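# with the input below, show me the fold.
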Amino acid sequence: NNDGVDVTNQIQHYIFLKLPFELYAGYNLAWSVSLYNIIVCKLFGSVVLSELLAFVSLVALVGVGCYVMWTEKKGLCYGVGVGMAWYLVGIFSQLVYLSFPIMYSYSDAAIAATKYMSIIFANILVSTIVLRAVKNVLNASNSEFDCVCTCCCKV
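Take a look at the predicted model:
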C-alpha cells in the first residue's frame, strides 16, 4: 500500500521538480544548435554550407534526443526529448509560414527538405518517448510481479 504512495510521490517530484528543467534543457540545446548555425552562416556566408549544416544539425539533434531518451537512467527522463521535439515542431511551423529572409535566401527544395526532416525527426523523438514510457511501465510491472512471487513463494 505504501508502494503506491511512494510511486505517486516520485511522479509528482518528477513533474514538479525535474520535468521543467529537462524541457528547458532539450529546447535550449536545440536552440543553441540553431544559434551556432546562424553564427557559422554569418561568418562564411555560404548558402550551401548553411543548408548542409542545417541538415547535419537536425540529424545530430535527433541522435542526441534518442540517445538521451533511450539510455538507462534511474527514474523518469522524458523532458529533454519533449523539449527537442517541441523545437523541431517549431522549425516545421516556421517553414510552413515562411518569412521573407528565409524565402529569398534558400531554395524551395532546401526549405521543403528541412521542413519535412524536422517534422519526421520530431515524430521519431515522440515515438522514442512513448517507447521509453512503455518500457518503464513494463519494467515496473515486472518488478512488482517479481516482488509478489518472492513474497508469495516464501515458505
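
# next, count neighbours for residue 66.
By the measure other C-beta atoms under 10 Å, the count of residues near residue 66 is 20. (C-beta placed from N, C-alpha, C; glycine too.)

# do the same with residue 22
Other residues close to residue 22 by other C-beta under 10 Å number 19.

# is it true that it touches residue 84?
No: look at residue 22 against residue 84 with C-beta atoms under 8 Å: they stay out of range, at 10.4 Å.

# and the gap between the closest residue in space to residue 114 that isn't next to it in sequence and residue 92?
Nearest residue to residue 114 in three dimensions, chain neighbours excluded: residue 54, at 5.7 Å (C-beta to C-beta, 6 or more residues apart in numbering). Taking C-beta to C-beta, to the nearest Å as the measure, residue 54 falls 13 Å from residue 92.

# comparing the two, which residue is more hemmed in?
Legend: neighbour count by other C-beta under 10 Å for residue 54 and residue 92, higher for residue 54 (21 against 18).

# against residue 31, how distant is the more buried one?
Taking C-beta to C-beta, one finds residue 54 at 14 Å from residue 31.

# follow-up on the earlier one: which strands and helices sit next to the strand or helix carrying the residue nearest to residue 114?
Using DSSP states H and E, the secondary-structure element containing residue 54 is helix 47-70. Judged by 3 or more C-beta pairs under 8 Å, 6 or more residues apart in numbering; DSSP states H and E, helix 47-70 is in contact with helix 19-44, helix 79-96, helix 108-153.
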